[in-house]
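Asker: take a look and give me a structure for this.
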Amino acid sequence: MRPLRRGEVGPAPPVTTASRGPLPRLASAGEPPSPNGSRSDPSRPRSGPGLTNARSSTAGASPPHAKPPSPPSPLPSARRSPPSGHRAWRSRQERVPGLKRVHRGSPPATFGEVRSRATSLRIGSPAHKCCASVPRHLPLTTGGDHLLRDMAAAAAPLRAAGPTRLAYFDDMWALRSPATVLSLHQEEGGRRAVVLDATIFHPQGGGQPADTGVISAATGAAWRFLVEDVRVKDGVVFHYGQFEDAAGDGSRPELDKGQSVTLEIDAGRRSLNSRLHSAGHLLDSCMTNLGLHFEPGKGYHFPDGPSVEYKGVIPPDQLQDKKTQLEKQANELISKGAKVLVSVFPYDEAAKLCGGALPGYISQDSTPRIVKFGEYPGCPCGGTHVADVADIGNLKVTSIRVKKGVTKVSYSISP
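Answerer: Down below sits the predicted model:
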C-alpha cells in the first residue's frame with residue numbers, strides 16, 4: 001500500500017463483533033466537568049470502532065452480551081485518605097444543608113466545636129418539658145469567632161441583632177422595665193415585630209403562653225405598640241403586634257434603632273400563667289409523694305385545659321382513687337405554703353438542688369436556671385412562677401387518663 005498524502009483519509013479498519021465495545025457517551029449540557037476541566041476526559045480509555053476496551057487489551061475480547069466495565073474513578077475511594085485541616089472543614093461544611101461557605105481564616109478544631117458554639121442552651125424541666133431557649137453567653141475559646149457570626153447571618157438574617165437578654169430572669173415579678181430598640185420588622189398582613197436588647201415579656205415556649213402588654217416611648221410620645229404575641233428564635237425575642245392609632249388618622253409611628261422605650265406587661269395574664277405553670281410543677285412532687293415515680297413528659301400550662309404527662313401507667317381500677325389522693329395532696333401543700341426559689345446556678349450546684357443529677361440535654365459547661373419549691377428537689381425551668389406555693393390557689397384534678405403507656409393529668413386552678 002502506498003503512503004498516504006496530506007489530506008487523504010485511509011480506509012477504515014475492519015470492525016469485528018468481538019473487539020467492539022460500547023459507544024462513547026457524549027456529555028450532555030449542564031453535566032459537571034471532569035476533574036481535568038473538560039466534560040470528557042481524553043486521558044480516560046474509551047471503547048469504540050478501532051479502539052480496544054481497557055479490559056480486553058489484557059484479558060482478550062469481551063463477548064457481545066458482556067456488561068461493559070465501569071470507568072475507573074479519578075480518585076479511588078478505597079485509597080483516598082481522610083481529609084484533614086481545611087479540607088476536613090470544607091468537606092463537612094458541604095454536607096450541611098443550606099450552609100454557605102463563609103469561612104475565612106483558620107478553621108475550628110473540630111466540627112463538633114462549631115456546633116457547640118452555635119447552639120443555645122435549652123434549659124427546661126424534665127417534668128413536662130418546660131424549657132426555653134436561652135443564649136449561652138459563654139466565651140468562644142478558639143479562633144474563628146467571626147465564622148459563627150457569618151453562619152448565623154446566612155442562616156437567619158434577623159439573628160444579627162444578637163441574643164435578647166431575658167430580664168425576667170433577674171426579676172420574675174417586674175411588670176415594668178426600660179429597654180432599647182434594636183430593630184423593627186414588617187410582617188405579612190401588616191403585623192410588625194420589635195426586637196429589643198432586653199425584655200420582661202415571656203415568649204411562648206415550654207408549655208407556657210406568651211405575655212402580652214404595651215411598648216411605649218420613654219420620652220412620653222403619644223404612640224403605643226400593642227404586644228399581642230412574643231416568640232423566640234435563635235435567642236432573639238420578637239414582640240409581635242401593631243401600633244395603636246391614638247391620633248385616629250391612621251398614621252404609623254416609626255421606631256429608630258437605639259430608641260429608649262418602656263415595657264409594661266399585662267399583670268393579670270402573667271399572674272395566671274405563672275400560677276398554672278407552678279401548679280404543674282407542684283403535681284410532680286405530689287405524684288412522687290403518692291409513690292408514682294413516673295418519668296415526666298410533656299406539659300401544657302395554658303388556661304384552656306392545662307395538663308401534665310408522665311411515662312407510666314396507673315391501673316384502671318386505681319384511677320379514681322389516685323385522682324382524689326392527688327388533688328388532696330396538692331391542696332395540702334398549697335395550704336401550708338412554701339417559698340419558691342428560682343435562680344441561675346453553676347452546673348454542679350444545680351445538680352445538687354435537683355437531687356444529684358440533671359437531664360442529659362443540660363450542658364455541663366452551662367449555668368442552668370433552677371426552680372425549687374420549699375424542701376422538694378428542684379428542676380431546670382425557663383418559665384415564670386409564683387413567689388410562694390400558697391399563691392397557686394385551690395387546685396382541682398379534673399381527670400386522669402392513660403393511653404399508650406402515658407398518664408395524662410388534667411387540672412384547673414381557682415380564678
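Asker: quick one: contacts for the nearest residue to residue 312 once chain neighbours are set aside?
Answerer: When the adjacent residues along the chain are set aside, residue 312 lies closest to residue 294, with 3.3 Å between them (Cβ to Cβ, 6 or more residues apart in numbering). Glycine gets a C-beta too; all of them are placed from N, C-alpha and C. Residues counted as contacts of residue 294 (Cβ atoms under 8 Å, 6 or more residues apart in numbering) are 287, 310-312, 407.
Asker: let me have the residues you listed in JSON lines, extended by distance to residue 344.
Answerer: Formatted as JSON lines, the contacts of residue 294 follow (distance: Cβ to Cβ, whole Å):
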{"residue": "287", "distance to residue 344": "27"}
{"residue": "310", "distance to residue 344": "27"}
{"residue": "311", "distance to residue 344": "28"}
{"residue": "312", "distance to residue 344": "31"}
{"residue": "407", "distance to residue 344": "32"}
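Asker: out of those, which are buried?
Answerer: With neighbours counted by 16 or more other Cβ atoms under 10 Å, the contacts of residue 294 contain buried members at 287, 310, 312, 407.
Asker: next secondary structure element downstream of the host helix or strand of the first one?
Answerer: Element membership for residue 287, per DSSP states H and E: helix 267-289. For helix 267-289, the succeeding helix or strand toward the C-terminus, using DSSP H and E, is strand 295-300.
Asker: tilt between that next one and helix 267-289?
Answerer: 160 degrees (axes from the mean of the first three to the mean of the last three Cα atoms, to 10 degrees).
Asker: in helices only, show me the buried ones among the contacts of residue 294.
Answerer: residue 287 (DSSP state H).
Asker: mind putting the buried ones among the contacts of residue 294 into TSV with pLDDT and distance to residue 178?
Answerer: Converted to TSV, the buried ones among the contacts of residue 294 look like this (pLDDT from 0 to 100; distance: Cβ to Cβ, whole Å):
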residue	pLDDT	distance to residue 178
287	96	42
310	96	42
312	96	47
407	97	45
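Asker: closest one to residue 341 out of the buried ones among the contacts of residue 294, please.
Answerer: Relative to residue 341, the closest of the buried ones among the contacts of residue 294 is residue 287; by Cβ to Cβ it sits at 20.5 Å.
Asker: can you pull the contacts of the closest one?
Answerer: 293-294, 310, 326, 409.
Asker: how does it look with 7 Å?
Answerer: Residue 287 makes contacts with 294, 310, 326, as judged by Cβ atoms under 7 Å, 6 or more residues apart in numbering.
Asker: and the gap between residue 281 and residue 242?
Answerer: Noted for residue 281: a distance of 34 Å to residue 242, by Cβ to Cβ, to the nearest Å.
Asker: for these two, indicate the residue with more neighbours.
Answerer: Taking neighbours as other Cβ atoms under 10 Å, residue 281 and residue 242 compare with residue 281 leading, 29 against 15.
Asker: that one and residue 296, how far apart?
Answerer: From residue 281 to residue 296 the distance is 10 Å (Cβ to Cβ).
Asker: quick revisit: need the max-distance pair from the contacts of residue 294.
Answerer: 287 and 311 (11.7 Å).
Asker: circling back: closest one of the contacts of residue 287 to residue 267?
Answerer: Taking Cβ to Cβ as the measure, residue 267 lies nearest residue 326 of those, at 30.2 Å.
Asker: show me what the strand or helix carrying the closest one packs onto, helices and strands only.
Answerer: Assigned by DSSP H and E, residue 326 belongs to helix 319-336. If you count contacts as 3 or more Cβ pairs under 7 Å, 6 or more residues apart in numbering; DSSP states H and E, helix 319-336 packs onto helix 267-289, strand 395-403.
Asker: most packed of the ones you listed?
Answerer: Mean neighbour count (mean count of other Cβ atoms under 10 Å) peaks for helix 267-289 among those, with a mean of 21.
Asker: can I get that one in CSV, CA atoms only?
Answerer: C-alpha atoms of helix 267-289 as CSV (Å, rounded to 0.1, in the frame of the first residue of the first chain):
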residue,chain,number,x,y,z
ALA,A,267,-50.2,41.8,85.1
GLY,A,268,-53.4,39.6,85.2
ARG,A,269,-52.2,37.4,82.3
ARG,A,270,-48.7,37.0,83.8
SER,A,271,-50.1,36.1,87.2
LEU,A,272,-52.4,33.4,85.7
ASN,A,273,-49.7,31.9,83.5
SER,A,274,-47.3,31.8,86.5
ARG,A,275,-49.9,30.1,88.7
LEU,A,276,-50.7,27.5,86.1
HIS,A,277,-47.0,26.7,85.5
SER,A,278,-46.3,26.4,89.2
ALA,A,279,-49.3,24.1,89.6
GLY,A,280,-47.9,21.8,87.0
HIS,A,281,-44.6,21.6,89.0
LEU,A,282,-46.4,21.0,92.2
LEU,A,283,-48.2,18.0,90.8
ASP,A,284,-44.8,16.4,90.0
SER,A,285,-44.0,16.5,93.7
CYS,A,286,-47.4,15.1,94.6
MET,A,287,-47.1,12.2,92.2
THR,A,288,-43.8,11.3,93.9
ASN,A,289,-45.4,11.5,97.4
